[in-house]
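Novice: Sequence and computational prediction follow.
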Amino acid sequence: MIDGFHHTRIRTKEVAINVVHGGSGPPLLLLHGYPQTHVMWRKVAPSLAQHFTVVATDLRGYGDSDKPRGLPDHANYSKRAMANDQVEVMAALGYDRFAVAGHDRGGRVAHRMALDHPERVLRLAVLDIVPTRTMYARTTREFAKAYYHWFFLIQPEPFPETLIGGHPEAYLRKHMGGRYAGLAPFEPGGWPEYVRCFSQPDAIHASCEDYRAAESIDLEHDDADFGRRKVTCPLLALWGSHGVVERCFGPLDDWREYALNVDGKSLDCGHYLAEERPEETTHELMRFFA
């Protein structure tokens, strides 16, 4: 789905991960968000591949990667487990040290990766998030209204799975199309792929488990780290000036509670930076990773 990229599947210790890769130069891992796939990088990755060896994957539970049933404690969808998948993918491709950019859920996986594997992550870019721990701790009325899905998806199985499964595309249209830019950024090429992948019952369940883990075991991991260790590599925070992160949080100040070296800025867009403003997103990532 990304021009000029090669496709493969890589078996990690626990799951098989869907991977596309292309370009040449220093390795750069791209991680997507909810409820998308690696295809969200289609407008950005070819330009980055002129300077980097770009690896874009589907996270565990998403796209064409494996989607195991969730465990009672949701540990197999913890950001720690999902980060380990990606470290193993990069090692299988021959990269022990690399840069990483993550949007939305992918940013949370990348944040955990930088904490758990500081020897591997050279630079970290996070797109339109602040740390999970901060977002839960500072939940306001406005945040809860805008990010209702955070509190809906964590409800016990099978409640959210059943409701979403009744009409997955209608849910996606509300969730993705109801934001600042509507559905326009997902064409050409993105929307049909998102619908195809998300419409699978195991994908719906896996994505719920991702959020259930965020509210439980991920917070345990974050609480254990807070005040004891921070991200040591340079961190770039990018966010949309018309999004919820801008309205409800202070991205640079919030990230400085969790990382030693933070820079960043807002872009004139909503949540989906790489699809709403691909040129600007590419420029900022190029500047940072170069």
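Specialist: Looks like it arrived, so ask away.

Novice: how close does the residue lying closest to residue 96 once chain neighbours are set aside sit to residue 232?
Specialist: The shortest distance from residue 96 to any non-neighbouring residue, by CB to CB, 6 or more residues apart in numbering, is to residue 120 (6.3 Å). (Glycine included, C-beta is placed from N, CA and C.) For residue 120, the distance to residue 232 equals 12 Å [CB to CB, to the nearest Å].

Novice: Wasn't residue 101 part of a strand?
Specialist: Yes - assigned with DSSP: H, G, I helix; E, B strand; the rest coil, residue 101 falls within a strand.

Novice: Might one say that it is in contact with residue 32?
Specialist: No - the pair residue 101 / residue 32 is not scored as a contact, 10.2 Å apart, by CB atoms under 8 Å.

Novice: Next up, phi/psi of residue 16, please.
Specialist: phi -100, psi 130 (degrees, to the nearest 10).

Novice: Kindly apply the preceding question to residue 285 instead.
Specialist: Taking degrees, to the nearest 10 as the convention, residue 285 sits at phi -70, psi -40.

Novice: show me the contacts for it.
Specialist: 44, 48, 101, 125, 236 (CB atoms under 8 Å, 6 or more residues apart in numbering).

Novice: and the last one, bridged to which residues?
Specialist: The one in question is residue 236. When bridges are called by DSSP bridges, residue 236 pairs up with residue 125, residue 263.

Novice: and the gap between it and residue 82?
Specialist: For residue 236, the distance to residue 82 - CB to CB - is 21 Å.

Novice: Then the third one?
Specialist: Between residue 101 and residue 82 the distance, using CB to CB, works out to 15 Å.

Novice: shouldn't residue 161 be in contact with residue 203?
Specialist: No - Residue 161 is not in contact with residue 203 according to CB under 8 Å; the separation is 10.2 Å.

Novice: higher neighbour count, those two?
Specialist: For residue 161 versus residue 203, neighbours defined as other CB atoms under 10 Å are more numerous around residue 203 (23 against 20).

Novice: What segments of this protein are strands?
Specialist: Applying DSSP state E to the chain gives strands spanning 6-11, 16-23, 27-31, 53-57, 98-103, 121-127, 235-240, 262-267.

Novice: I'd like these as a markdown table, with mean neighbour count and mean pLDDT appended.
Specialist: As requested, the strands of the chain are arranged in a markdown table below (neighbours: other CB atoms under 10 Å; pLDDT from 0 to 100):
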| stretch | mean neighbour count | mean pLDDT |
| --- | --- | --- |
| strand 6-11 | 13 | 98 |
| strand 16-23 | 21 | 98 |
| strand 27-31 | 27 | 99 |
| strand 53-57 | 26 | 98 |
| strand 98-103 | 27 | 99 |
| strand 121-127 | 25 | 99 |
| strand 235-240 | 25 | 99 |
| strand 262-267 | 17 | 98 |
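
Novice: Turn those into CSV, columns for distance to residue 91.
Specialist: Formatted as CSV, those follow (distance: least, CB to CB, whole Å):
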stretch, distance to residue 91
strand 6-11, 9
strand 16-23, 12
strand 27-31, 11
strand 53-57, 11
strand 98-103, 10
strand 121-127, 13
strand 235-240, 23
strand 262-267, 27
